[in-house]
Structures are given as C-alpha cells and as structure tokens.
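K.L.:
I'll drop the sequence and a predicted model, then ask my questions.
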Amino acid sequence: MSSINPRAVQIEAEVVSNKKVGAYHHMVFSVEGMAASARPGNFVAISVGGESTGLVLRRAFAIYRATDKSLPAGSNGLIELVIAPHGQGSTWLASRQVHEKVNMVGPLGTSFGIPTEPVRALLVGGGYGSAPLFGLAELLKSRGCRVDMVLGASSAGKIYAPLEGKRSVSSMTITTDDGSAGLQGRVSDALPQLIEENESEIIYSCGPMAMLQAIQAIADKYNLLHQASVEESMACGIGVCMTCVVPLRGSDGVVRMSRTCIDGPVMDGSNVIWDSQRRIPEGTWGA
Amino acid sequence: MSSINPRAVQIEAEVVSNKKVGAYHHMVFSVEGMAASARPGNFVAISVGGESTGLVLRRAFAIYRATDKSLPAGSNGLIELVIAPHGQGSTWLASRQVHEKVNMVGPLGTSFGIPTEPVRALLVGGGYGSAPLFGLAELLKSRGCRVDMVLGASSAGKIYAPLEGKRSVSSMTITTDDGSAGLQGRVSDALPQLIEENESEIIYSCGPMAMLQAIQAIADKYNLLHQASVEESMACGIGVCMTCVVPLRGSDGVVRMSRTCIDGPVMDGSNVIWDSQRRIPEGTWGA
Amino acid sequence: MFDFSTKLSSSTLSNPILTASGCAGSGKELSQFFPLTELGAIVTKSIMLKPRSGRATPRMAETPSGMLNSIGLQGPGIDLFLENDIAWLQEAGVKIIVSIAGETVDDYAALARRVRSLPNVVGLEVNISCPNVENRGMVFSCQPDTARAAIENVRRNVGNDLPIIAKLSPDVTDISLIAREVVSAGADGLALINTVLGMVIDVNTMRPKLAQKTGGLSGPAIRPIAVRAIYQVHAALPKIPIIGMGGVASGKDALELVLAGASAISVGTATFGNPTAVIKVKEELKSLLVERGFEKFSDAVGFAHRAESN
Amino acid sequence: MFDFSTKLSSSTLSNPILTASGCAGSGKELSQFFPLTELGAIVTKSIMLKPRSGRATPRMAETPSGMLNSIGLQGPGIDLFLENDIAWLQEAGVKIIVSIAGETVDDYAALARRVRSLPNVVGLEVNISCPNVENRGMVFSCQPDTARAAIENVRRNVGNDLPIIAKLSPDVTDISLIAREVVSAGADGLALINTVLGMVIDVNTMRPKLAQKTGGLSGPAIRPIAVRAIYQVHAALPKIPIIGMGGVASGKDALELVLAGASAISVGTATFGNPTAVIKVKEELKSLLVERGFEKFSDAVGFAHRAESN
Ligand SMILES: Cc1cc2nc3c(=O)[nH]c(=O)nc-3n(C[C@H](O)[C@H](O)[C@H](O)COP(=O)(O)OP(=O)(O)OC[C@H]3O[C@@H](n4cnc5c(N)ncnc54)[C@H](O)[C@@H]3O)c2cc1C
Ligand SMILES: Cc1cc2nc3c(=O)[nH]c(=O)nc-3n(C[C@H](O)[C@H](O)[C@H](O)COP(=O)(O)OP(=O)(O)OC[C@H]3O[C@@H](n4cnc5c(N)ncnc54)[C@H](O)[C@@H]3O)c2cc1C
Ligand SMILES: Cc1cc2nc3c(=O)[nH]c(=O)nc-3n(C[C@H](O)[C@H](O)[C@H](O)COP(=O)(O)O)c2cc1C
Ligand SMILES: Cc1cc2nc3c(=O)[nH]c(=O)nc-3n(C[C@H](O)[C@H](O)[C@H](O)COP(=O)(O)O)c2cc1C
Ligand code: FES
Ligand code: FES
C-alpha cells in the first residue's frame, strides 16, 4: 500500500502576489510551515470557485518554488505557483487578489529523485510544465550537477522561463510550435542533439502526456534514466478516489493501475506504460 | 393574459457604491436608462454567484430609489437597493465591490397605485420592506399627500430608515420586537392608534407575508384601501416559471393562482387570499 | 453557408433551438427580450383539458446547480389556451410545438383532436410524465403499457403530417425500453428528458420545502443524466429524432446533447437565470459547429457515436 | 449531554457519520488529516473476490455541482484486502463497515463468508449496484429478482449479529419496491443512494469523456434525488435503518437526509473537495441538532415525516 505524502497538511493560504507573465499567472502564497516540507516535483491541491461554486473538485498545481529557510525566523513560508488560466477553476484561481485566501492541501505526491553523485541532467518542460523544473535545477546545481534545460510550448507567450529561474542552468533551449521563440518544432525534436552535445545522463521532464511519451522513446534510445512528472485528471489529490491512475510497472515487474497523486506525479518513465488512455494495457494486474 | 412590465430590459449594471448600514447593504448601481422607467414598487432581478456558481436562479430586490432626471444630461441613471445578506445569493451580492458588474433585469412588476387626489397615506414596512416605501413617500408628497410611516423589525439594526429618506414623511414610528428602538412590539400593534390619530385613508405596505396579512385585517376593520407588496419565492421574475403565485381575486370575482412577479408584487390587499401557503384555497379557479 | 436547419420527422425548423415546455410562459413574456421568430419553435407549457390551479406554494426550491419545481401543470385549459396563447403566437408568426398533458388516456385523445391541424403548429409534444389518475397516480411514461396507451390514443387522432413527440421521464430503470414502446405505438420523435424526481427538506421547519413534498429537478445538475439518456436512446433508435433538454445553458451544453443524438434542443431552467439564454445558446452552438468544420447542423447529430477508429 | 450515537440494526455506533464506499481510499490516506476513530465507522471501498484493474482512464469528469466516475471497482481482491487494509484499520481501532461487490450471485455468498466474523467489523454493506455478468450486465439492484437473489445469498452466509446493509441504485422506476424486496430477502438495513448513471461528452474530441462512456454521478447535484429516495423508502419501511448518502458536504446537508429518514450519513465526493469534510459534517450536524432542541440524534431520524398538525 503506497500512502499519501506524510508531510501533507491542509491550510488557508493567503495570496501574497499575483502577476501576469506571458500566458500565465505567477502567484505567491503565504503557507505557514508547508514550504519547509516541499520538495521539487511535489504539488498542492486547491479548492476553487468560492462559496457558492458548482466546482466540487480540487485543482492540482505543481510547486514552482518553495521558500522557507531564506526568510526571517518566525515568518511564514512561501509557495509559488504558475497558473495557466484554462477552464473555470484555473481562471478563478488566477483572478484571486492579494490578501484573499484559498484552501490548500500540500505538499502532495512524489518528488524528483536526486542522484547521490553529481550527474549531467537534462530538464525538459512543456508549457507550465517548466514550473517544477526551476526548483529542481537549483537543487541539482547545489549538488554539483550540470543542468541543461529545454522548454517547449505552442508559442512564445506560453514559455515560462523567468530570468531568476535561469540562474541555475548551464544552457537553456526554447522551442515553439509556431517558431515565435527559439527553435521551431517540438521539444522532442531538439532532444537528441542536446543529449549528445551535453552528454546528458538523466532526463527530468514535466508536461503533457504525449510529450512525456515521446521523451521516453528518446530516453530508451539513448539508454538514459527518465524521471517524468505525469499529469492525469485528479479528483482528490490525496489518494482516496482512484481517478488519477496510470499503468505502472512495480518493482515486482507487475503492471498495476497506480495513483499518480501518490505514486506520482514523478514516476520512473521507463516503468510507465505510456499511451494507455482509454484502454487497460494487456497483462495489467486484475485486468 | 397579464404580461411582464413592458419597460423591462436586461443590462450589465455597474456597482457605484456599496455601504453597510445596520444589518443591510445600501448599494447603488449605474443602470443606463433603466432608472427612468422605474416606479415605486417595481423590483429588479439580479444574477448571483458569478462565473462558476451553482446558484441558477435570479434574486429579486425592491428598488429603493431610482434617480434619473436630477442627473446631468447624458449620464447614466442610478438604481439603489437595500440588501439583507441572508443566504448565499444575497451575501454574494452584498460583497460586490465598486466597479464590478452584475446582470440585472428590470424594472419588473407592478408599482404602487397613486391616488389622483391628495390623500392621507400610512406606509408600513417590515425589515428591508421599508426600501420601496421611501420613493413612494416622495412621490405621494409631491402629489400633496400627507405621509405617515411606521417601520418594524426584530431589532434596531434591522430598521432601514436613512435620514434623507425621512424628508418626505410627516411622522415616523419605529417598532422592534425586542424594544431596542422605538416601541416594543410589532408594526401591526401600532397601526390602530396611528390610523386613528392621522386619519389615514390608505395603507401601503411591504414586508413578510404574515405582517401583510395582519395589516389586511386592520385595513378591513377600518375599511381602508391597502396596497401590499407581497414576497413569494421567484425563480425567474419575468412571468415564465409560475413559481411565484398567490391566490388573487380578479375583477371578475374569480380567485386565480396569480404571478406575483407580473400581477405583483404590489397587489390590492383585499384581493389577496392570505395565509394560503401550503394549500390551494377552496374555490380557486381550476382547483 | 452553414445550414442550421433541422428536421423533426415531417417538420423542418429553421434552427434547432426551442424553449422547454413550462419554461417560457405563454411566449409573450419572452418576446420583450428577443423576437420569438429567432427560435426554431416555441414549445408551449403542457396544456390539459380543463383549467387547473396547479399546486400550492412553495412550488420551488433552489438546489446545487439546479432547482426543484412542483407547478402541477397550472393552466387555463385547452379552450382558453387556443383562444389566447395560441392565437397570439400564430399572430406573431412563431412556429409552435404544442405540449399536451392528460390525467387519463382519453384526455390525451381529446387534446390531440383539438390541436391536430392548427396554423403554425409544427409538432405535438405529448408529455406523458404525468400522474395517471386511473392508475394510483403512477406516471404514464414510467410503465411501458401506460406509455404505449397514451401515445396510441394520440396517434389515432392525429394525421401523419403533424409529428408526435413523446416526452419521457428519466425516472425509469430502462429508458430505451420505454422509448421503443412509444415509438412502436406511433411516436415520430422523442423529447428527453423531463425533470428528475427530487425533494428538499427545509432544515428550519424540518419538513419538505415544497407544499407537495416532491418536485422535479432541472438545470445543469441533471445534464449528465440527460446526455446519458439521449445517448442510450439514440443508440437504440438512431432514426428517431430527439428533442434534447436538461440543463442546457450554453452552446457547449447544447453541443453535448447534439453529439449524443439530439436533433433539437430545448432550453428550460436557464431562461429563469437569463431571459436571453435561448439566444445565447443558439449563437454559441452555431459558432462551435462552424469552428469544428461542420457544414450542416444535421451532420453533428449523434456524432459522438461514430466508431472509435475515426 | 447530547446523545449522538446511532444504531444500525444490532450494531451501535458512537456517531452517525461515516465515509462513503470508494471515497476514502483504504482509510490510511485520510488518517493524516484526522483520527479515523472520530468516525462512526469507515465504509471500505467495495471489494471483489479477485484483484481488479478497474476501468481505463479517463475515469472522471467534473459536472455542475457534481462529478462522474467510472473507477470500475479497482481493488486488490478479498485476500490482500483482508491482509492489508482491514488489518491496518483493525490495528487503528476503527469500526469498519465492509462493502462487498460481486459479478455473480455466488460471488456475494463467497465474499460474505470471508467477512462474517472479523474484529471491528460492525456491518456488511452489500453493493448490489453492480453489473451482473450472468445477466447481460444488468445491474443487480435494478431488478427485484436479482436484487433479492444477491441479498438472500449473503443472508444465508452471515449470522444475525452482523447487520447486512443493501446498497441500492437510484436508477429504478420504484426504489421502494426494490427496498421491500431486499428487506424481505434478509437485509437489516439499506444504503441509499449509489451514484446516478450519467455521461459527459467532451466537446473537443466530440466523444464521451470517460473511456467507458457512462459513469456514476455523485456530489451535491444529486442530493435532492437522495433525499427523495430516503424519504420514500423510510415512509415505506419506517423501521429499517438507512445509511443516507448523496451530495452531503455540510451539517445542513446531512440534517436534510436525517430528517428524511437516514440513521447514519456517508460522506463521499465532498472528501475529494475537502479532506476533512467528514469532520466538518459531524460537528455541524451536532450543533444543528442541539440548536433545534434534540437531545438524542435518533429523535431526528425521519422527523420530516411527522403529521402536518404538529
Ligand atoms: C500533478 C498536476 C500538476 C499540475 N500543475 C499545474 C500547474 O503548475 N499549472 C497549471 O496551470 N495547471 C496545472 N495542472 C492542471 C490543473 O490541475 C487543472 O487541471 C487545470 O488548471 C484545468 O483546470 P480548470 O478548472 O481550469 O479546467 P476545467 O476544464 O474546468 O477542469 C475540469 C476538470 O478537468 C480536470 N482537468 C482539466 N484539464 C486538466 C489537465 N490538463 N490535467 C489534469 N486534469 C485536468 C480538472 O482538474 C478538473 O477536475 C496540474 C495538474 C496535475 C494533475
Ligand atoms: C419582490 C421581491 C422583493 C425583494 N426585495 C428584497 C430587498 O429589497 N432586499 C432584500 O434583501 N431581499 C429582497 N427580497 C428577497 C431576495 O430576493 C432573496 O430571496 C433573499 O435575498 C434570499 O436570497 P439568498 O440567495 O440570500 O438566500 P437563499 O436561501 O440561498 O435563497 C434560496 C432561494 O430561495 C428564495 N428565497 C429565500 N428567501 C426568500 C424570501 N424571503 N423571499 C422570497 N424568496 C426567497 C431565493 O430567492 C432563492 O431562490 C425580495 C424578494 C422578492 C420576491
Ligand atoms: C418550472 C418548470 C415547469 C415545467 N413545466 C413543464 C410542463 O408543463 N410540461 C413538460 O413537459 N415539462 C415541464 N418542465 C420540464 C422542462 O420542460 C424540461 O424538460 C426540464 O426542466 C429539463 O430541462 P432544463 O434543465 O433545461 O429545465 C418544467 C420545468 C420547470 C423547471
Ligand atoms: C470515485 C467514487 C468511487 C465510488 N466507489 C464506490 C464503491 O466502490 N462502492 C459503492 O458502493 N459505492 C461507490 N461509490 C458511490 C459512493 O459510495 C456514494 O454512494 C455516492 O458517491 C453518493 O455519495 P456522494 O455524493 O457523497 O459521493 C463511489 C463514488 C465515487 C465518487
Ligand atoms: S486524485 Fe484521487 S486518488 Fe489520486
Ligand atoms: S417568478 Fe417566474 S413567473 Fe413569477
């Protein structure tokens, strides 16, 4: 039985800042002690819609940054998110004003595995999938790793790559479908060359499932480790609803429908059975 | 076939001011031309809850004041409401900030009948039921009527009687259930003496159904005309749902379940079959 | 040019957006907000033979994303209805689908005779989600035999040029079964869904909020039930036109029902929240269909049923 | 002192607030947010004989004031369930209502035998809102005969000291009929309601959003349906305890179901929106009952049925 992130708590988090950055809102929340226990790759689950809302489910957001130690003693920790206003829930959240409060549960889920030895890491993000990668880059850098980053999106406005975030990366490549920034094409198109040039040893990724699947194919080809942060529809975020599953091969070799909110979002890409939406892969336990 | 107020329009009304007054919120909306066609007794119906709300029905609010002519040419008219934050809808409305917009349909319903000759009028309001009476008082005063007013509520904070509203009344009596302001007791307790002292010829009333019913009994006793603004649960406010009915005797003597949003809210009190909640009175047409 | 017209059996409508029975008054009330001729047709409130006071108040309760009502078919009876409401709508040049409701199987026959050939009337919606006074108040459409009997009686009294549309209750174990039954009894089309039986208890009085205790649940809350019912019935009877309804408040909502198999859409409760909801639905649905590359509305009907491989 | 205890046939619970089957994981996940011993009991996810992968994703869709799910009873099968989940709950000192689900009538019997006498297990919820593989996938509780057969089989295998609670689907023409049937077949109590069958169509892919097309609707949207079902069944069978559920997210919501006739309340979907929803419901319900002058929880059960004159 896997279980929920043992550090998860439920709090009323106050909006400290909310700034539009390209297609996104960069939001900072005051979160009491929650920041101290957040690791790169963790996410939070937030109630959306307010008092009389018809939206009954929480929304999950990857933690972009969690600040705690650098703050004066006694002050609240901060958690930063990157929100893409998309449907009703994210649009509501992105329109919260400073001083408003939202109900937040976190930190949730698994975090990116950090190698014990310095390695050459390639971080790959799609759209707001870049959010958890900057905190990861900082951590890897502090452990002596070389960090290269490639971010892709449909167009320039959807690349989230703030200046301060770039501090920790040795190289930054941008791709856009329409060529409005960086290379024209998809991130996966850029990967082989980057892997070869940078002699990458591990890939960390976050973005749409199709992108992650394409990256896994490349990781397989180059025989690289691949830690992927997956994104399945989540109703609860805390492991009680079983909506967020993907087929995942366990250490015993058995494929089980596993909860991405508890066994993920960060999973070993080589263990995920990709492209399994709308069907249960053959051989899955209990199928 | 009775029909909807022919002057009703649907607009986005901007909040111009929102002030807490006792237990109420006094709110002013910029309403384009709507103010010009509002008469005392009319109401507006407002969408509540915002984008993702689970509240699907409009809420009705009596027009407290409609200002049009006194404003500089070309400027928008204003409609003022008195909101009692009660359930989810009214609480949402009362927390709208200046510059926010709400969807408003109005003016709706019947208005208070104005006598062609000057008369001695007694205006009776319960709780926020005082709202439509001040505009009525002004109009009656301008027609040379004597206007006495009596307002009742459970306690002092629930009496809505702003100073500026009192300009047009010759006397103002307050009653509260707990005696925290004015006379202790109910408005109906104060009526007989007021009617006798002021030699009232007509009663105008607005408030809870039980109060209106008590007033009707007194009006019957003194043989006075009684124009009552009734309040039934309304789903649409525009005559299309048939939820808001009360049994009303028509000019042909037949009692019909009549829509209070179209044949009301202001009705001739002597034609309403009071105390008919939860049953259809015998003899009602089609019963 | 996008072709927005739709067919309900022998009738063609300029567009598929209709009001829902009982949710548009007599039509006149809405005409203040938009020209009724914008509608594919107006569906009138269900009319009975005799005048009817309806139920006692409270008649409604708001519920999460919906409402309960127990109007109880208040109305003037067929005579005054034809004289006033229908005459006014005909004058206004609006296409009309008349909805009828009976307490007995014979009522349906008598009502059908009164409306079978009237100018502008393009359809007869037979609301069989009504209590049958001859059978312990059991709802006609909840039992295959009474559903059949009501529709057969209407069929015998109406020629082939006026489409008969049976309006079904979702409160049944198997709605496809009832649908097959009424179609074999002579219905040309189906209206899905009527309200879902519900109750609200007032926690202050600690009694049912509605005077008649139960009421019909409508609004967005029931949309997933409507989509499911339409999808199931369209799968079972792909050639039978369906008027879809249940919680439609936007073009997106309407599109869901169309893709599930609805050839026309009635907008009910949404009109209470927004008098111009039908127009919003109409315009949004059209844009969504055009955006998705449809050239004709009819190509989208039931499109969600296409094979997975496409 | 307010007496918050409640009885489900032979079992007494310290308070009437429970989780809903399938909405509390294995229990462990929620224990991080509050001590599970705060609950009257935990109702486990419905367990089947064998391990089961459940349905393909997407398995859920949010709907107005509700959600659709088609988890498809994913679970480890009875062996691992007893070994891991039940053992952990017993260790934690939590009272347990085990929910079982079968594909055949025999499955129910076999499952009942496995759980009939386990420490801390105070009830057996028999989820008969499952497809019957021996009868074209028709849901057991949708037909009186299959509903009866499943419960009879459980009854034969369980002694009188473990209450058998039949969990019914609301997707039937007459829920009182099914309730009477399962009670006469040996059920000691009823759980009302399971989810309502629904569908959402994705307007972008223009296909059903869920991989399995239909799913179960839950959440506040269905509360009026739950209140109605509980009220109807309590009127028909006033002595049979009912576990009420469907859209309860607050004490007010719970009170509605209690007044309608529920002796205990399960909180399901609300937990997804708020991990501590059950505790909120428990505390609010208690205050509301005390405010209204009740000295015992049991006095409020079915209070909305009292005569109008009171
Ligand atoms: C682990 C995880 C991390 C995420 N991180 C971010 C982030 O950093 N920034 C960000 O903007 N968004 C993030 N998302 C997506 C976010 O949770 C919402 O799903 C998204 O904002 C759409 O919600 P909505 O209410 O606006 O859309 P709606 O369309 O109204 O959503 C309806 C339902 O569908 C689900 N849904 C819709 N789109 C998605 C999606 N792409 N993935 C999963 N579920 C979806 C919603 O959660 C909701 O339950 C993340 C999701 C997951 C699972
Ligand atoms: C003609 C008319 C004039 C009104 N004028 C005012 C006014 O000037 N100021 C003011 O504060 N309120 C007024 N009301 C009451 C107002 O429309 C709302 O009903 C009230 O604010 C409660 O709504 P809610 O959403 O807060 O409560 P909720 O309890 O969430 O309302 C749920 C539903 O019940 C209905 N309802 C609840 N209480 C009442 C009530 N007392 N009367 C009718 N329906 C009710 C609501 O309209 C809504 O449909 C008026 C009502 C009518 C019919
Ligand atoms: C107030 C009200 C009155 C209704 N009256 C009728 C009616 O007279 N005849 C009928 O067939 N359906 C009636 N209905 C059902 C609607 O026509 C429609 O089937 C149902 O409300 C679902 O659609 P909606 O969610 O868009 O409202 C009524 C619904 C409401 C809310
Ligand atoms: C995700 C999910 C899984 C469920 N799984 C089960 C189950 O395994 N067995 C069962 O009897 N009911 C199951 N249900 C139904 C709930 O127990 C409950 O009856 C229903 O959701 C209504 O309550 P609610 O509105 O509080 O969620 C499930 C519901 C949901 C939302
Ligand atoms: S989101 Fe509920 S189990 Fe993962
Ligand atoms: S409120 Fe709808 S008819 Fe009066």
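P.N.:
Cool, got the structure. Ligands and ions are numbered 1, 2, ... in the order given.
K.L.:
In the stretch 201-310 of chain C, where is pLDDT below threshold?
P.N.:
C:309-310 (pLDDT under 70).
K.L.:
switch the cut-off to 80
P.N.:
Where the stretch 201-310 of chain C drops to pLDDT under 80, the residues are C:308-310.
K.L.:
In chain A, where's the longest strand?
P.N.:
The strand that spans the most residues within chain A, counting by DSSP state E, is strand A:9-21.
K.L.:
Give the partner strands of that strand in its sheet and their orientations.
P.N.:
strand A:24-30 (antiparallel), strand A:101-108 (antiparallel) (DSSP bridges).
K.L.:
Going along the chain, name the strands of the stretch 151-300 of chain C.
P.N.:
C:164-167, C:189-192, C:196-199, C:201-202, C:207-208, C:214-218, C:242-244, C:264-267 (DSSP state E, counting those that start in this stretch).
K.L.:
okay, the strands paired with strand A:9-21 in JSON lines with mean pLDDT and mean neighbour count next?
P.N.:
C-beta coordinates here come from the backbone N, C-alpha and C atoms, glycine included. As requested, the strands paired with strand A:9-21 are exported to JSON lines (pLDDT from 0 to 100; neighbours: other Cβ atoms under 10 Å in any protein chain shown):
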{"stretch": "strand A:24-30", "mean pLDDT": "97", "mean neighbour count": "22"}
{"stretch": "strand A:101-108", "mean pLDDT": "97", "mean neighbour count": "23"}
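K.L.:
From residue D:240, how far out is residue A:188?
P.N.:
Distance, residue A:188 to residue D:240, using Cβ to Cβ, to the nearest Å: 60 Å.
K.L.:
for residue C:152, same thing?
P.N.:
The value you get for residue C:152 to residue D:240, if Cβ to Cβ is used, is 40 Å.
K.L.:
Out of those two, name the residue with the larger neighbour count.
P.N.:
Remark: of residue C:152 and residue D:240, residue D:240 carries more neighbours, 21 against 18, as counted by other Cβ atoms under 10 Å in any protein chain shown.
K.L.:
who touches that one in this structure?
P.N.:
D:179, D:183, D:187-190, D:233 (Cβ atoms under 8 Å, 6 or more residues apart in numbering or on different chains).
K.L.:
Please flag which of these sit within helices.
P.N.:
Residues of the contacts of residue D:240 located in helices (DSSP state H): D:179, D:183, D:233.
K.L.:
Redo the residues you listed as CSV? Include distance to residue D:125 and neighbour count.
P.N.:
CSV is the format used below for these (distance: Cβ to Cβ, whole Å; neighbours: other Cβ atoms under 10 Å in any protein chain shown):
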residue, distance to residue D:125, neighbour count
D:179, 15, 26
D:183, 15, 20
D:233, 16, 26
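K.L.:
Now do the helices in the stretch 101-250 of chain A.
P.N.:
A:131-142, A:163-166, A:187-198, A:209-222 (DSSP state H, counting those that start in this stretch).
K.L.:
no no, chain C
P.N.:
With DSSP H as the criterion, chain C has helices at C:28-31, C:77-80, C:87-91, C:105-115, C:144-156, C:175-184, C:223-236, C:251-260, C:270-273, C:277-291.
K.L.:
residue ranges with poor pLDDT in the stretch 51-200 of chain A?
P.N.:
Using pLDDT under 80, the flagged stretches of the stretch 51-200 of chain A are A:69-76, A:164-165.
K.L.:
Can you name the residue of it nearest to chain C?
P.N.:
residue A:54 (4.5 Å; Cβ to the nearest Cβ).
K.L.:
How much space separates that residue from residue C:190?
P.N.:
28 Å.
K.L.:
Pick out whichever of those two has more residues nearby.
P.N.:
Neighbours were counted for residue A:54 and for residue C:190 using other Cβ under 10 Å; residue C:190 has more, 30 against 26.
K.L.:
Test my guess that the more buried one contacts residue C:181.
P.N.:
No. Applying Cβ atoms under 8 Å, one finds residue C:190 not in contact with residue C:181, separated by 11.1 Å.
K.L.:
between these two, what contacts are shared?
P.N.:
Shared contacts of residue C:190 and residue C:181 (Cβ under 8 Å, 6+ apart): none.
K.L.:
Setting the sequence-adjacent residues aside, check what's closest to residue C:63.
P.N.:
Excluding the flanking residues, the one nearest residue C:63 by Cβ to Cβ, 6 or more residues apart in numbering or on different chains is residue D:224, at 5.0 Å.
K.L.:
tell me the contacts of that neighbour?
P.N.:
Contacts of residue D:224 by Cβ under 8 Å, 6+ apart are C:63, C:66, C:68, C:196, C:198-200, C:217.
K.L.:
what does residue C:127 give?
P.N.:
Contacts of residue C:127 (Cβ under 8 Å, 6+ apart): C:21, C:46, C:99-101, C:167, C:194.
K.L.:
and residue C:118, how many neighbours does it have?
P.N.:
16.
K.L.:
Against ligand 6, how distant is it?
P.N.:
Per Cβ to the nearest ligand atom, to the nearest Å, residue C:118 is found 26 Å from ligand 6.
K.L.:
Which residues of chain C lie near ligand 2?
P.N.:
residue C:62 (Cβ under 6 Å from any ligand atom).
K.L.:
what about the lengthiest strand in chain C and ligand 3, touching?
P.N.:
Taking DSSP E as the criterion, chain C has its longest strand at strand C:121-127. Yes. Under the criterion of Cβ under 6 Å from any ligand atom, strand C:121-127 makes contact with ligand 3 via residue C:127.
K.L.:
Filter the contacts of residue C:127 down to the ones in strands?
P.N.:
Counted as lying in strands by DSSP E, out of the contacts of residue C:127, are C:99-100, C:167.
K.L.:
I'd like the residues you listed written out as a markdown table, with distance to ligand 3 added.
P.N.:
Formatted as a markdown table, the ones in strands among the contacts of residue C:127 follow (distance: Cβ to the nearest ligand atom, whole Å):
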| residue | distance to ligand 3 |
| --- | --- |
| C:99 | 5 |
| C:100 | 9 |
| C:167 | 5 |
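K.L.:
and which of these is nearest to ligand 5?
P.N.:
Checking the ones in strands among the contacts of residue C:127 against ligand 5 with Cβ to the nearest ligand atom, the nearest one is residue C:167 at 38.7 Å.
K.L.:
and residue A:154, how many neighbours?
P.N.:
15.
K.L.:
repeat for residue A:240
P.N.:
Counted with other Cβ under 10 Å, residues neighbouring residue A:240 total 27.
K.L.:
How about residue C:252?
P.N.:
By other Cβ under 10 Å, neighbour count at residue C:252 equals 15.
K.L.:
correct me, but it touches residue D:201?
P.N.:
No. Contact criterion Cβ under 8 Å: residue C:252 and residue D:201 do not qualify, at 9.9 Å.
K.L.:
Check the stretch 151-300 of chain C for the residue nearest ligand 6 and tell me.
P.N.:
Counting by Cβ to the nearest ligand atom, the stretch 151-300 of chain C gets nearest to ligand 6 through residue C:272 (6.6 Å).
K.L.:
ok, residue 231 - how many residues close by?
P.N.:
Chain wasn't specified; assuming chain A. Quick note: residue A:231 (other Cβ under 10 Å) scores 22 neighbours.
K.L.:
ah, I was thinking of chain C
P.N.:
Neighbours of residue C:231 (other Cβ under 10 Å): 27.
K.L.:
if you skip the residues just before and after it, what's nearest to it?
P.N.:
residue C:260 (4.2 Å).
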